[in-house]
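Asker: Need a 3D model of the following:
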Amino acid sequence: MKFVPVADLLSDARARGYAVPSFCVWNAETVNAVLHAAETCRAPVILMSGPGEGLLSYAALADTARAIAGHYDVPAALHLDHGNSMEAVEGCLAAGFTAVMLDYSTRPFDENAAALRRVVELARPRGVTVEGEIGAVGRVDEVTGEGMGHTALSDPAEAKAYVEATGVDCLAVSFGNLHGNYTRPPKFDFERLAQLRDAAGVPLVLHGGSGTPPDQLARAISLGVAKVNVASELNRALRETMHKRWNAGERLWVPSALVEGMAAFAAIVEKWITLTGAAGKA
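Answerer: Below is the predicted model of the structure:
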């Protein structure tokens, strides 16, 4: 199986009323867990990795992911998530990623738009999908449950101008969603989301999918979200499983503990494949 552009997956998702789940990966084990779950569920998936995730370079991760993907037969893409420099984008394009995101959402509109226009110019001849972000998705403070860091709701007029100026294929938006593990249900602004859908005219991306209640997720998908990012919930499942083995007081055999951890990781992947409606769509 060869990796495909994210745009191809999102086009099918919009046509058939589901969203494509995008899962954080950083090594061979996580790549295999996602693809195995995808094949079990017959679902399209996106493998995503961003700055500071794992020890592998983007090129090494791409080589690893391609080698593993050759043993599976489901549509999948390899995506740079929250790329923080043009160098990272160029490295991923050279490595064979099929989608890239340059996250300049905290920078002034003109700087953000100009940079993403350049990314599109580099990516389009290669058939690579480009994701941009307007507004800024912050992070959950797991003590207060409120957003922390830079958070700004996306403005529909800016979203329209941004897509027109850049030519991005899909757009990450902020409408009450946050990265991290929610400690209470999020307060999504669905009216804003509908306005963003109509203004942008491209598939929308939900960052901070972890912990989103199923009813809110379904409504978001019905209002234009075609890609759902999941990372924190995967990390928590793996971490808690490994901690449980570590604290059991028995001699820890790392390979077997890792197998248990990856089983927990894969269970979350299958859960989100089902929640997004992607099961059976491959």
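
Asker: ok so His82 is a strand residue?
Answerer: Yes: His82 forms part of a strand when assessed by DSSP: H, G, I helix; E, B strand; the rest coil.

Asker: where does it sit relative to Ser49, distance-wise?
Answerer: Distance from His82 to Ser49, counting by Cβ to Cβ, to the nearest Å: 10 Å. All C-beta spots, glycine's among them, are computed from the backbone N, C-alpha and C.

Asker: worst-scoring helix or strand of the protein, pLDDT-wise?
Answerer: strand 147-148 (a mean of 48; mean pLDDT, DSSP states H and E).

Asker: average pLDDT across the helix or strand following that strand?
Answerer: Sequence order places helix 156-166 as the next helix or strand after strand 147-148, per DSSP states H and E. Mean per-residue pLDDT for helix 156-166: 99.

Asker: May I see the buried residues of helix 156-166?
Answerer: Pro156, Glu158, Ala159, Lys160, Ala161, Tyr162, Val163, Ala165, Thr166 (16 or more other Cβ atoms under 10 Å).

Asker: Help me confirm that the fourth one comes into contact with Gln195.
Answerer: When you say that, I think you mean Lys160. No: counting by Cβ atoms under 8 Å, Lys160 stays clear of Gln195, with 9.8 Å between them.

Asker: Settle it for me: which of His82 and Ser49 has more neighbours?
Answerer: Using other Cβ atoms under 10 Å, the more surrounded residue of His82 and Ser49 is Ser49, with 28 against 22.

Asker: the helices in the stretch 101-250 of the chain, which residues?
Answerer: Secondary structure of the stretch 101-250 of the chain by DSSP state H, counting those that start in this stretch: the helices cover 109-123, 156-166, 190-200, 214-222, 232-246.

Asker: ok, residues contacting the second one?
Answerer: Spelled out, that is helix 156-166. 109, 112-113, 116-117, 120, 130, 132, 134-135, 168, 171, 173, 192, 195-196, 198-202 (Cβ atoms under 8 Å, 6 or more residues apart in numbering).

Asker: For Glu131, give me its contacts.
Answerer: Contacts of Glu131 by Cβ under 8 Å, 6+ apart are Val6, His79, Ala99, Val100, Met101, Val168, Asp169, Cys170, Leu171, Ala172, Val205, Lys227.

Asker: how about a cut-off of 10 Å?
Answerer: 6-7, 10, 22, 48, 79-83, 99-103, 116, 119, 168-172, 202-203, 205, 207, 227 (Cβ atoms under 10 Å, 6 or more residues apart in numbering).

Asker: same deal with Glu39?
Answerer: Met1, Val45, His71, Tyr72, Asp73, Val74, Ala76, Ala282.
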